[in-house]
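[1] Build me a model:
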Amino acid sequence: MRKLLRLAAVGAIAAASFATSAQAATTASASANAEVLSSLTVVSTADLQLGQIAANTGGTVTVNADSTVASTGALISTGTRSPAAFDVIGSPNSMIIVTLPVAPVDLTRVSGTETMSLGGFNTTPNGAFQLDNAGAGNFTVGGTLTVGSGQVPGNYTGTFSVSVEYQ
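    Numbering: from 1, shown residues only. Predicted coordinates for the structure are as follows:
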């Protein structure tokens, strides 16, 4: 009988210990939230103007996004020179990053096949920027044009693409 009483006592203690462990478990809940942003739009508002160039022995003409202008080589650069400009519309106060072309693009002579290379793209603001309270922002893009020695006279034109995305 004592053995039976001992077994019953041990069994009761074990059952109490399991009940205590089960009662120690608890749960919690968390909320899940998501914000769907407005679609981004980007629109070109001004073209990159590289001016008028007298090629002489060739060189480069740089029109930076901050509107500074420089040239190398024995060429003369004059006329209207200004960066391309873009407007962005998206969700208010969002951070945006601009992606510029990595590879140079060709400008081709109108009514011809001759080309010049436009590369070294840069932007202001540089990197990411924040849209305002209305979801609007803008940026400018500059680049460097490589002009060959004795470049064939004429108007040269080409396009480049930029993209914007939420950061």
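[2] Give me the secondary structure label for Gln23.
    Under DSSP: H, G, I helix; E, B strand; the rest coil, Gln23 falls in the helix class.
[3] Could you do the one 4 residues further on as well?
    Using three-state DSSP, the secondary structure recorded for Thr27 is coil.
[4] Next, count neighbours for it.
    Residues lying near Thr27 (other Cβ atoms under 10 Å) number 4. Any C-beta I mention is one placed from the backbone N, CA and C, and that applies to glycine too.
[5] Report how many residues lie close to the nearest residue to Tyr156 once chain neighbours are set aside.
    Counting by Cβ to Cβ, 6 or more residues apart in numbering, the nearest residue to Tyr156 once its immediate chain neighbours are dropped is Leu107, at 4.0 Å. A total of 22 residues lie near Leu107 under the criterion other Cβ under 10 Å.
[6] For beta bridges, what are the partners of Leu107?
    Met116 (DSSP bridges).
[7] Which residues lie in contact with it in this structure?
    Residues in contact with Leu107, defined by Cβ atoms under 8 Å, 6 or more residues apart in numbering, are Thr115, Met116, Ser117, Leu118, Leu145, Tyr156, Thr157, Gly158.
[8] quick one: which of those is nearest Val98?
    Leu118 (17.0 Å; Cβ to Cβ).
[9] In this structure that closest one contacts Leu100, no?
    No: under the criterion of Cβ atoms under 8 Å, Leu118 is not in contact with Leu100, lying 11.5 Å apart.
[10] Show me which of those two is the more surrounded one.
    Each of Leu118 and Leu100 had its neighbours counted (other Cβ under 10 Å), and the higher figure belongs to Leu118 (23 against 17).
[11] For that one, give its distance to Ile53.
    12 Å (Cβ to Cβ, to the nearest Å).
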